[in-house]
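Asker: Predicted coordinates and the sequence they were generated for:
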Amino acid sequence: MERFIIESPHTAENCKQAVQDIHAAGYLHCFEWGCKDNDHTAWAIVEAETANDARQMVPWYLRDKSRVVRLVKFNLTKDKLDLK
């Protein structure tokens with residue numbers, strides 16, 4: 001499994017629907033929201049097989065504007081950066 005960060009912007013008008021749809025899909029516990037600070041964006045760090053699998057956690061009407069980025073950790077060993 002890979003780790004991904006999902007960034008899913010939405011409008012103030014579809015905010016309530018986005019929360020309800022993500023809840024109905026069972027992913028509400030994964031997401032954090034900026035809506036109360038007037039930044040209508042949801043973020044989540046999730047585990048999934050692929051970026052496309054992670055994107056499926058976002059309602060269909062928000063997917064084209066959502067960003068999914070694979071996350072990796074780098075290790076520094078013997079003063080050398082290991083990029084594996």
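Answerer: Yep, it's here.

Asker: What lies in contact with stretch 55-75?
Answerer: Stretch 55-75 has contacts (C-beta atoms under 8 Å, 6 or more residues apart in numbering) with 2-10, 14, 17-18, 21-22, 25, 27, 30, 42, 44-46, 48, 51, 54, 81-83. For the C-beta atoms, the positions are set from N, CA and C on the backbone; glycine is no exception.

Asker: residue contacts, F4?
Answerer: For F4, the contacting residues are I45, V46, E47, A48, A51, A54, V68, V69, R70, L71, by C-beta under 8 Å, 6+ apart.

Asker: what residues are up against the fourth one?
Answerer: I take that to be A48. By C-beta under 8 Å, 6+ apart, the residues touching A48 are M1, E2, F4, A54, M57.

Asker: could you point out where this protein is predicted with low confidence?
Answerer: Counting by pLDDT under 70, the chain has low-confidence residues at 78-84.

Asker: Would you tell me which helix is longest in it?
Answerer: helix 15-24 (DSSP state H).

Asker: In PyMOL, select just the buried ones from the contacts of A48.
Answerer: The buried residues among these can be selected in PyMOL (16 or more other C-beta atoms under 10 Å) with this line:
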select buried, resi 4+54+57
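
Asker: which one of the contacts of A48 sits closest to D37?
Answerer: D37 has its nearest neighbour among these in M57, at 22.4 Å by C-beta to C-beta.

Asker: From I45, how far out is the closest one?
Answerer: Distance, M57 to I45, using C-beta to C-beta, to the nearest Å: 11 Å.

Asker: list residues touching both of the two?
Answerer: Listed as contacting both M57 and I45 by C-beta under 8 Å, 6+ apart are I6, C30.

Asker: can you give me the strands for this protein?
Answerer: Shown for the chain, the strands assigned by DSSP state E span residues 2-9, 31-33, 41-48, 67-71, 75-77, 80-82.

Asker: This completes my enquiry, with thanks.
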